[in-house]
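*Asks:* Provided below are the primary sequence and the corresponding predicted coordinates.
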Amino acid sequence: MLAGRSLPWQLPLLLAALSCLPAPSCAQLHYSVPEDREPGFSVGDLAKDLGVEVRSLAARNLRLVSEGGQRHFQVDLAAGVLLLDSRLDREALCGQSPTCSLHLQLVMENPLQLHRVEVEVLDVNDNAPQFPKPEVVLEITEVANPGTRLPLEVAEDPDMGSNSISTYELSPSKHFALSINVRGDGVKMPEIVLEKALDREKVPVHHLTLTALDGGNPVKSGTARVTIHVLDANDNPPVCDPPISKVLLEENVPVGTLVTKLNVTDLDDGPNGDVEYSFKTSNNAPGKFTKLFSLDARTGEIRTKAPLDYEEFSAYEIAVRARDKGSPAMEGHCHLRVELIDINDNSPEIVLTSVSSPVQEDAAPGTVIALIGVKDSDSGDNGQVRLQIAKELPFKLVSSFKEHFSLVTSGPLDREKASGYNITVRAVDSGSPQRATQKTFYLRIADVNDNAPNFSSPFDTAHIQENSLPGTSVFSVSASDPDEGSNAKLSYSILDNGMQDVPISTYFRIDQDNGTIYTVRALDYEQDKVFQVPVEVKDAGSPALSSTAVVHVFVLDENDNAPNIVYPSVPKGSAFHQAIPALAEPGYLVTKVVAVDADSGHNAWLSYQLQESAEALPFQVERRSGEIRVAQALRESEDSHRLVVEVRDNGTPSLSASVVIVISPEENSVQDFSKSLDLPQSSPEDTNLTLYLIISLVSISLVSCVMFGLVAARCLKAGSASWTLAGCCRGSGRKPTSHFRGQMKPDGFIKYLDVGGAGLTSQAQNYTSCFSPMSDQSDFLFVKPF
């Protein structure tokens, strides 16, 4: 019934069909309805706008779904129109929103279709303006100047647009007029403006009516009563004497200390002359002093309420408002400057800007080690700081510029004496009492290669058995280097100094890392009895430093040579024939066996004996001399005798040699033994050797006497003496040559002497003597033939 009716204010508008798929389709309809329409009002023709037959709506089960959950509309299926189900209140639905729309959904089946309906609720002027308070009370002093403005509260109108508040009107008055200002959001702000001076004695109260009008049709309005009280004039403001003052105050005074009491006067009486005090601050620059100072609002006393620190702020500007209790109140202003007096309450602060650690130990004097800054927050003498370091350190402080110092070397550095320094820098200010602080840092000294390696002893003695296998350890030299790192990494080597006929490196080698000396080949005592092995140690510094030491290697004899029979000399396998008188008496010297041994010492001690035979022999051999003598009288009928003489040394194991002597008794056989004994004659060289031996012995004796005299003199002078005498048997044996060896200590004393000499018939006994006149460095070793 309502579907065919068309009203001029009803503007149905089909906006769009948005992205409709082949299955369910969609469309959006837009309607508008005034908020004051009654239920049953036709909002729009759905069948026409959707393009469907009215009679098919029921068959397609058209139903309405409200998105907001509230049902404001219904569908008339018979007419195919959208009806208003309940009265709409735009202000309740959308408040102050510029637009107000309700959204619905239409669902039809066969085929399934979904349509969206937007209904815009149109505002009507159904609300009158209303003030927050029906009566407004204002006050104005009688001495107010024309142009004084009194703000009024804004009226409220829930309607929107032209239906909202349009203007304000004020009832006629001789003294007041209405001014309307517009805010940025379009809201009109009413103000009452004083146009003519007031006189409280004539009119103490003014009654006005303020009217707010909206722009609807018809126009609706709201009113408020305005009551203006004219107040008696408080025409004398408080006066601060003096208006600007200054106070000096020490920092760190106790909390609650009185700073000053303001002197303010007001000539008015009663409340108009009763003054209250408050701090005056600005929103843009709130006063920090309000946290540090308190103000008594009644007495005007200013006291501290927190500790004051000169280093944070040296002065404070305080603004105080003095306001009377007049109506309207009048106020005066006092300005106070509080200047703090610095006290020495801050210790100096040391700042290590830069530290060059480590520093080379060969750094020249004046080398900068560290840059040091110092600061003191105090001022004046309290902030004057001086730096100090220990005087015994090889450093000094040099002032670079204000509050900046350089720590430089003042003397040579030696890492071997001090590998680093704990440097304590002490800062002292000039305040009273003085305040000081200190800071300690460690400075490491870097090593340079300024120390050569040093052997524990420049001369060492080692012994090795002859015939030892190649690679046998002989001795380990030890050296030290006070440097560190690569400067102290040592390597050992053997120097060929040309003292031996054959390079020393053909006899010995040395481990370059640990200094152990090894043999390269087997040594022969009979060929070389002592070696001087010069050893060099070198560090890995740059440049490398080195030192040398000498190791005397003495070869110890081994029993590796059998005795050699030099008389009688017979071919191997032959016998020596010796004729003696048939009537030789016991003790008769038949002959003498002479043998030598290339070894020395016990290994060269020889003994002679006859090998046992089946028959008893009438001869005997002197064990030591090798003389063969008749032991018992011979019988005339005796034939020749065969003797096997064995010569054996005293080594372990013992070695021996033998000779066969055939002794034949003969009648009238007289033999000059001295002629028949074909002993080797002494050569001129042997005579010279013997002479050298005698000279050597005499010289040694004289040196010994002189040294004994020196020792005795030193002992008498020092009041004490220490003697050590030791003797050891070194060996005996026959030697074809003589020798003399010696070694001098660096202080001039003889450390070792070895004198040896032998002929064919000589045997020697060696002794060792040691004494220590002053220390273990004054040892004397004397080896002489026995």
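*Replies:* Structure's in. What do you need?
*Asks:* strands of the stretch 301-450 of the chain, residue ranges please.
*Replies:* In the stretch 301-450 of the chain, the strands defined using DSSP state E, counting those that start in this stretch lie at 301-304, 315-324, 331-341, 349-355, 359-360, 368-375, 385-388, 395-401, 404-409, 420-429, 436-446.
*Asks:* in the protein, which helix is the longest?
*Replies:* Criterion DSSP state H: the longest helix present in the chain is helix 684-718.
*Asks:* that helix packs against which elements?
*Replies:* In terms of contacts (3 or more C-beta pairs under 8 Å, 6 or more residues apart in numbering; DSSP states H and E), helix 684-718 is packed against strand 750-756. C-beta: built from backbone N, CA, C; applies to glycine.
*Asks:* 10 Å instead?
*Replies:* strand 739-744, strand 750-756, strand 782-783 (3 or more C-beta pairs under 10 Å, 6 or more residues apart in numbering; DSSP states H and E).
*Asks:* what is the mean pLDDT for it?
*Replies:* Helix 684-718 carries an average pLDDT of 76.
*Asks:* on the three-state scheme, Ala79 is what?
*Replies:* Ala79 falls in the coil class when you classify it by DSSP: H, G, I helix; E, B strand; the rest coil.
*Asks:* would you mind confirming that it makes contact with Gly44?
*Replies:* No: counting by C-beta atoms under 10 Å, Ala79 sits too far from Gly44 to count as a contact (11.3 Å).
*Asks:* more neighbours: those two, which one.
*Replies:* Applying other C-beta atoms under 10 Å to Ala79 and Gly44 shows that Gly44 carries more neighbours, namely 23 against 19.
*Asks:* how about the secondary structure of the more buried one?
*Replies:* strand.
*Asks:* that one reaches His30, doesn't it?
*Replies:* Yes: Gly44 is within contact range of His30, at 8.8 Å (criterion: C-beta under 10 Å).
*Asks:* tell me the domain ranges of the protein?
*Replies:* Following the TED database, one finds the domains of the chain at 32-122, 135-231, 239-341, 349-428, 454-556, 564-667.
*Asks:* now mean pLDDT and distance to Val448 too, for the ones you listed, in CSV please.
*Replies:* Converted to CSV, these look like this (pLDDT from 0 to 100; distance: least, C-beta to C-beta, whole Å):
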stretch, mean pLDDT, distance to Val448
domain 32-122, 80, 89
domain 135-231, 87, 82
domain 239-341, 87, 47
domain 349-428, 89, 5
domain 454-556, 90, 7
domain 564-667, 88, 52
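*Asks:* now do the helices in the protein.
*Replies:* Going by DSSP H, the chain shows helices at 46-50, 55-59, 90-94, 673-676, 684-718.
*Asks:* okay, the ones you listed, which one's buried deepest?
*Replies:* When those are scored by mean count of other C-beta atoms under 10 Å, the highest mean neighbour count falls to helix 46-50 (a mean of 20).
*Asks:* show me what that helix is packed up against.
*Replies:* strand 13-16, strand 25-34, helix 55-59, strand 73-76, strand 81-84, strand 101-108, strand 113-122.
*Asks:* with just CA atoms, put it into PDB.
*Replies:* Only the C-alpha atoms of helix 46-50 are listed here, as PDB (Å, rounded to 0.1, in the frame of the first residue of the first chain):
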ATOM      1  CA  LEU A  46      12.500  -1.900  -1.900                       C
ATOM      2  CA  ALA A  47      10.800  -3.900  -4.700                       C
ATOM      3  CA  LYS A  48      11.200  -1.000  -7.100                       C
ATOM      4  CA  ASP A  49      14.700  -0.200  -6.100                       C
ATOM      5  CA  LEU A  50      15.800  -3.900  -6.200                       C
END
